[in-house]
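Peer 1: structure for the following, please:
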Amino acid sequence: MRSASPKTPLEPMAAAFIGVALLHFLAGGVIWGLLPLWKPALPGQKGDTDDMEGRYWFAPADYKREGVVAPALPENAPVDAANTADVSKPPPEAKPKVVGEAKKSPGTLADNPVQPAPAPQSAVVRPTSKIITLSPVLDVEGKEVPLVKSTRPPVTMMDMLKQEKLEEVEKKAAGGADMDPVLKALEEALMETWNAPSLSDVPVLQRDAKLRIVISRDGGIAETKMVKTSGSAVLDETVTQAGASLKKISQSLPSSFPKDRYTVEVNFHIE
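Peer 2: Predicted coordinates for the structure are as follows:
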């Protein structure tokens, strides 16, 4: 079996690269040395070409130095208005543009009287909101217990069960009679007779007072009694006057109501 002949490797390239680099270096040095010897031909000098005909170059400093006169142009040279201007004189200063003159205000009080200061605006007084909450007083095991009802609708299951239990207790104490018309008539009558004070006259923490009212069988008011004062003499006085001025409501007690009197605890609140 004949063996494969080994391949001839390429000749070393280092010497060729070094030679090419030296040639480039020498050429660059020659060009760099010849650059200072080359100057562009100025107009009017030997070596002008046809494309420079009619062009004249002047240094800006020649017109600023004293005693130097601008060179005269030949007769056939084109006239340029910018170049023929007298540059020895400074340009005129630009005057600021006046938009309008300010009006002179009179200097006497007769011409310019002093305006009085505006009167301070009075604070806005918010009307007083009256809120009355009725709680029937039930006889539970020989004790009078007010049945406090929530003014908010039940949200949770516990609230619903609690409300149903209270309604059941109230209905049992009332002998199954519907007392809602009586409570509504009492609330409407108190809203008419109660003249609530202004909010500014009563502190925030003294805006609740409770009055106990006893209603007879024919709807007449048998008794009124303050059971909880608010701490504000102004509010307590209006609540007492509202109870004293109420003589009778428009609804009588139902015939199925087992007692001759119906007691209700009323909470008076302002906000």
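Peer 1: tell me which residues are up against the strand or helix carrying residue 268.
Peer 2: With elements taken from DSSP states H and E, the one containing residue 268 is strand 262-270. For strand 262-270, the external contacting residues (CB atoms under 8 Å, 6 or more residues apart in numbering) are 128-137, 144, 146, 179, 182-183, 186, 190, 194, 196-197, 199, 202, 207-215, 227, 235, 239, 242, 253. Every residue, glycine included, has its C-beta placed from N, CA and C.
Peer 1: pairing partners for it, with directions?
Peer 2: Strand 262-270 pairs in its sheet with strand 130-140 (antiparallel), strand 208-215 (antiparallel), by DSSP bridges.
Peer 1: for residue 16, which of the ones you listed is the nearest?
Peer 2: Judged by CB to CB, the one of those that comes nearest to residue 16 is strand 130-140, at 108.7 Å.
Peer 1: got a list of contacts for whichever helix or strand comes after that closest one?
Peer 2: Heading C-terminal from strand 130-140, the first helix or strand you meet, by DSSP H and E, is strand 143-146. Residues from elsewhere that reach strand 143-146 (CB under 8 Å, 6+ apart): 135, 136, 137, 138, 139, 263, 265.
Peer 1: residues near the closest residue to the second one other than its chain neighbours, how many?
Peer 2: In other words, residue 136. Spatial nearest neighbour of residue 136, excluding adjacent residues (CB to CB, 6 or more residues apart in numbering): residue 147 at 4.9 Å. The number of residues packed near residue 147 is 17, by other CB atoms under 10 Å.
Peer 1: pLDDT at residue 147, what is it?
Peer 2: As predicted, residue 147 sits at a pLDDT of 76.
Peer 1: gap between it and residue 32?
Peer 2: According to CB to CB, to the nearest Å, residue 147 stands 114 Å off from residue 32.
Peer 1: pLDDT weak spots in the stretch 151-271 of the chain?
Peer 2: Scanning the stretch 151-271 of the chain for pLDDT under 70 picks out 151-154.
Peer 1: show me where it has its helices.
Peer 2: Ranges of helices within the stretch 151-271 of the chain are 157-173, 180-193, 233-245, based on DSSP state H, counting those that start in this stretch.
Peer 1: could you report the neighbour count for residue 236?
Peer 2: 19.
Peer 1: in space, what's closest to it - neighbours in sequence excluded?
Peer 2: Leaving out its chain neighbours, the residue that sits closest to residue 236 by CB to CB, 6+ apart is residue 229, at 5.1 Å.
Peer 1: again, but for residue 186
Peer 2: Closest residue to residue 186 apart from its sequence neighbours, by CB to CB, 6+ apart: residue 249 at 5.2 Å.
Peer 1: please apply the same query to residue 221.
Peer 2: Nearest residue to residue 221 in three dimensions, chain neighbours excluded: residue 246, at 5.3 Å (CB to CB, 6+ apart).
Peer 1: quick one, what contacts the one you found?
Peer 2: Residues near residue 246 by CB under 8 Å, 6+ apart: 189, 190, 193, 213, 221, 224.
Peer 1: how close does it sit to residue 191?
Peer 2: 11 Å.
Peer 1: who are the contact partners of residue 244?
Peer 2: Counted by CB under 8 Å, 6+ apart, residue 244 has contacts residue 224.
Peer 1: also the one 10 residues further on?
Peer 2: Contacts were defined as CB under 8 Å, 6+ apart; by that measure residue 254 touches 174, 177, 178, 179, 182.
Peer 1: would you mind listing which of those residues are buried?
Peer 2: Among the contacts of residue 254, the ones that count as buried by 16 or more other CB atoms under 10 Å are 174, 177, 179, 182.
Peer 1: I'd say the third one and residue 135 touch.
Peer 2: No: contact status for residue 179 versus residue 135: not in contact, 12.0 Å apart, counting by CB atoms under 8 Å.
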